[in-house]
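Q: Next come a sequence and a model predicted from it.
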Amino acid sequence: MSISLAQPCDEGLVRSKGATAPCRESSARWILLATILGSSMAFIDGTVVNVALAALQANLGATVVQVQWVVEAYSLLLAAFLLLGGSLGDYYGRRRVFLIGTILFALASVWCGLAPSVGQLILARGVQGFGGALLVPGSLAIIGASFDETSRGRAIGTWSGFTAIMAALGPIIGGWLIEQVSWRAVFFINLPLALIVMMISLWFVPESRDDTDKKKLDWLGAWLTAVGLGLLVYALIESSRLGFTHAAVIGTFVSGTVVLLVFWWFETRISNPMISSVLFRSRNFSGANLLTFLLYSALSGTLFFLPLNLIQVQGYSATAAGAALLPFTLLLFLLSHWGGGLAERYGAKAPLVAGPLITALGFGLFTLPGVGGDYWRTFGPAVVVLGLGMAISVAPLTATVMNAVAANRVGIASGINNAISRCAALLAIASFGIVMLHVFDRSLDQRLAALELSPNVRQALDAERVKLAGAILPEEIAPPLRAAIRRAINDSFVEGFRYIMLIGAGLSVASAITSLLLIEGKRGRLRPESISAREDSWARLRFKGD
């Protein structure tokens, strides 16, 4: 971590807009360490929770709907307040808001680890998401304010590399903790990290803020986003249990749509909008964000179900399931620079057509495995192809977003694109859950019809089917029949999983078509801001709440 700079950080200098205070090499290292560890808390939490879902489902007796809310509560608050979190740092001080986010995230992690019920866990995850919305934008903002233009790119590259390692190791360490201790232990990983971050930040990180631009913060816009998205997600998730024609589902869906329309109307009529509609007049910006929504919907919606398949159906240990996506992460990290070079050489359009098509092939390969088999003959090839496709896509996508706007607006452009990827994950997990439950129920009914089940056993199974492959079978069932029922449940889950992966492939193809129609094919070197953003862009993939 060698960042050589000339003089110590000057808190007075970093207060002014556009001014950056260089730091001594020793201070630079401490600043990078604080931001890396702070970001890693959110990245690790995003990757580990999916691995822990099967264990907490069994421990808390959670349904698949409740498990979805464990992820969605975090994603909802993170997506709704991410842009506002960055503005709060500019307004009140980046270090201060970064520290508040760190403390809130750590306290919420303790609450998650001690939660006695799935309801409390969902609430705690929501608080974690709000803390993440303060923490995540602050890490890169502190780097941007503390390093000058000549060293900022290297600093962000260092940040990106080390957070990549942390994100890759998180699921493996978390899986081991789940096996050896408890799923609760994965949330306590954040505590020592938070303590170190707070101490370093208080002693070595200079405060910085934007004193030249004191616009009113768009709190109403953030709350409208949270309420609107929350209502839509509630309608989508609960429709799998209540049905689309239920009054509560229709009412919340319509209400959520109305609230989001009010949000968009409100944003076009205020001087300090959280999302500036002017940016979307750029064809490249609109196309890149539509592509982001489609591609990240595919990625987040599908990978939510992968650990459940690996652990509950394929019989993987939590550690093995945590390591299953390691090739994906490593490919994305190692090839991201190469992907950026493709955009510089050929323009962004070509890789943004090829990358999503390769990603679609990866999703298609996920439809081939049944139950059982060696990893490298079943899921491994799909993970590798998926990682290659995303490695080709991510850097050109970020570069397109950055190059579509003026240099002084790259921050808000990146923030909007990041928020859209979070919203995509939020809505995809809810929507894909509907498909999974529908296909699973239909397939299970067909398979159970071939078995001679008593009314009591059938009633018990009907009560458990909302847990999908995590269903608990009655103890009184004889071993041969128990094995047949478990096989029917596993095969039904695999059928639903295949449908999910086909939807992911379809969304990826739609992403490629979007690029073909909307992204301009011009060549051109990336601006320095775009290169920095490219180094960071892959990391947001690690949020499963991303």
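A: Happy to help now that I have it.
Q: where does the protein have low pLDDT?
A: When residues are selected by pLDDT under 70, those of the chain lie in 1-26, 149-150, 152-153, 156-157, 160-161, 210-215, 407-411, 521-546.
Q: Now do the domain split for it, please.
A: By the assignment in automatic domain parsing, the chain contains the domains 7-213, 219-269, 278-546.
Q: now those domains as TSV including mean neighbour count?
A: (C-beta placed from N, C-alpha, C; glycine too.) Shown next, in TSV, are the domains of the chain (neighbours: other CB atoms under 10 Å):
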stretch	mean neighbour count
domain 7-213	21
domain 219-269	17
domain 278-546	21
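Q: so residue 138 is in which element?
A: Residue 138 belongs to helix 118-146 when elements are defined using DSSP states H and E.
Q: Now do the helix or strand just after that helix and helix 118-146, the angle between them.
A: Following helix 118-146 in sequence order, the next helix or strand is helix 149-180 (DSSP H and E). On the basis of axes from the mean of the first three to the mean of the last three CA atoms, to 10 degrees, helix 149-180 is oriented at 160 degrees to helix 118-146.
Q: Mind giving me the packing neighbours of helix 149-180?
A: The contact analysis (3 or more CB pairs under 8 Å, 6 or more residues apart in numbering; DSSP states H and E) places helix 149-180 against helix 25-60, helix 118-146, helix 185-188, helix 318-323, helix 326-346, helix 528-537.
Q: among the ones you listed, which is nearest residue 220?
A: Closest to residue 220 of those is helix 118-146 (CB to CB; 16.1 Å).
Q: so residue 147 makes contact with residue 158?
A: No - judged on CB atoms under 8 Å, residue 147 makes no contact with residue 158 at a distance of 10.3 Å.
Q: show me the contacts for residue 193.
A: 37-38, 40-41 (CB atoms under 8 Å, 6 or more residues apart in numbering).
Q: For residue 229, find the nearest of the helices and strands packed on helix 149-180.
A: Relative to residue 229, the nearest member of the helices and strands packed on helix 149-180 by CB to CB is helix 118-146, separated by 11.6 Å.
Q: Following element in sequence after the helix or strand harbouring residue 298, please.
A: Assigned by DSSP H and E, residue 298 belongs to helix 283-303. Counting by DSSP H and E, the element after helix 283-303 in chain order, helix or strand, is helix 306-308.
Q: element containing the residue nearest to residue 130 when sequence neighbours are not counted?
A: If the residues on either side of it in the chain are set aside, residue 130 comes closest to residue 77, at 4.5 Å by CB to CB, 6 or more residues apart in numbering. If you go by DSSP H and E, residue 77 is part of helix 64-92.
Q: Which helix or strand lies directly C-terminal to that helix?
A: Counting by DSSP H and E, the next helix or strand C-terminal to helix 64-92 is helix 94-114.
Q: angle of that next one against helix 64-92?
A: On the basis of the same axes, to 10 degrees, helix 94-114 is oriented at 160 degrees to helix 64-92.
Q: Just list what helix 94-114 packs against, helices and strands only.
A: Applying 3+ CB pairs under 8 Å, 6+ apart, one finds that helix 94-114 contacts helix 25-60, helix 64-92, helix 118-146, helix 185-188, helix 190-204.
Q: Reformat those as JSON lines; add distance to residue 300.
A: Below are those laid out as JSON lines (distance: least, CB to CB, whole Å):
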{"stretch": "helix 25-60", "distance to residue 300": "10"}
{"stretch": "helix 64-92", "distance to residue 300": "8"}
{"stretch": "helix 118-146", "distance to residue 300": "14"}
{"stretch": "helix 185-188", "distance to residue 300": "19"}
{"stretch": "helix 190-204", "distance to residue 300": "22"}
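Q: out of the ones you listed, which comes closest to residue 238?
A: If you check each of those against residue 238 by CB to CB, helix 64-92 wins as the nearest, at 7.2 Å.
Q: Can you spell out which helices and strands pack onto that closest one?
A: helix 25-60, helix 94-114, helix 118-146, helix 219-242, helix 410-448.
Q: Distance to residue 338 added to the contacts of residue 193, as a markdown table?
A: Conversion of the contacts of residue 193 to a markdown table gives the following (distance: CB to CB, whole Å):
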| residue | distance to residue 338 |
| --- | --- |
| 37 | 28 |
| 38 | 28 |
| 40 | 24 |
| 41 | 29 |
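Q: wait, which of the residues you listed is closest to residue 189?
A: Distance to residue 189 across the contacts of residue 193 (CB to CB) is lowest for residue 41, with 8.1 Å.
Q: List the residues that contact that closest one.
A: 102, 105-106, 109, 135, 190, 193-194, 197.
Q: separation between it and residue 426?
A: Relative to residue 426, residue 41 is positioned 20 Å away (CB to CB, to the nearest Å).
Q: chain center to the strand or helix carrying residue 394: distance?
A: Here residue 394 sits within helix 380-403, counting by DSSP H and E. Put simply, helix 380-403 sits 15 Å off its chain's centre (CA atoms, centre = their mean, to the nearest Å).
Q: From the contact counts, what lies against that helix?
A: Packing partners of helix 380-403 (3+ CB pairs under 8 Å, 6+ apart): helix 283-303, helix 326-346, helix 349-365, helix 410-448, helix 528-537.
Q: Residue 508 is nearest to which of those?
A: Taking those one by one with CB to CB, helix 349-365 is closest: 3.7 Å.
Q: and the angle for that closest one with helix 326-346?
A: Calculated by the same axes, to 10 degrees, helix 349-365 forms an angle of 160 degrees with helix 326-346.
Q: Between helix 380-403 and helix 349-365, find me the angle.
A: Relative orientation of helix 349-365 versus helix 380-403 (the same axes, to 10 degrees): 150 degrees.
Q: quick revisit: now distance to residue 223 too, for the contacts of residue 41, in a markdown table please.
A: Formatted as a markdown table, the contacts of residue 41 follow (distance: CB to CB, whole Å):
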| residue | distance to residue 223 |
| --- | --- |
| 102 | 23 |
| 105 | 20 |
| 106 | 24 |
| 109 | 24 |
| 135 | 20 |
| 190 | 26 |
| 193 | 30 |
| 194 | 27 |
| 197 | 28 |
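Q: Just give me the closest of these to residue 486.
A: Using CB to CB, the contacts of residue 41 come closest to residue 486 at residue 109, 34.6 Å.
Q: quick one: the spatially closest residue to the closest one that is not a sequence neighbour from residue 126, how far?
A: Closest residue in space to residue 109, ignoring its immediate chain neighbours: residue 190 at 4.1 Å, by CB to CB, 6+ apart. According to CB to CB, residue 190 stands 16 Å off from residue 126.
Q: Let me see the contact set for the closest residue in space to residue 185 that isn't next to it in sequence.
A: Distances taken as CB to CB, 6+ apart place residue 177 nearest to residue 185, at 4.2 Å, with adjacent residues excluded. Going by CB under 8 Å, 6+ apart, residue 177 touches 185-186, 189.
Q: Right, I'll leave it there.
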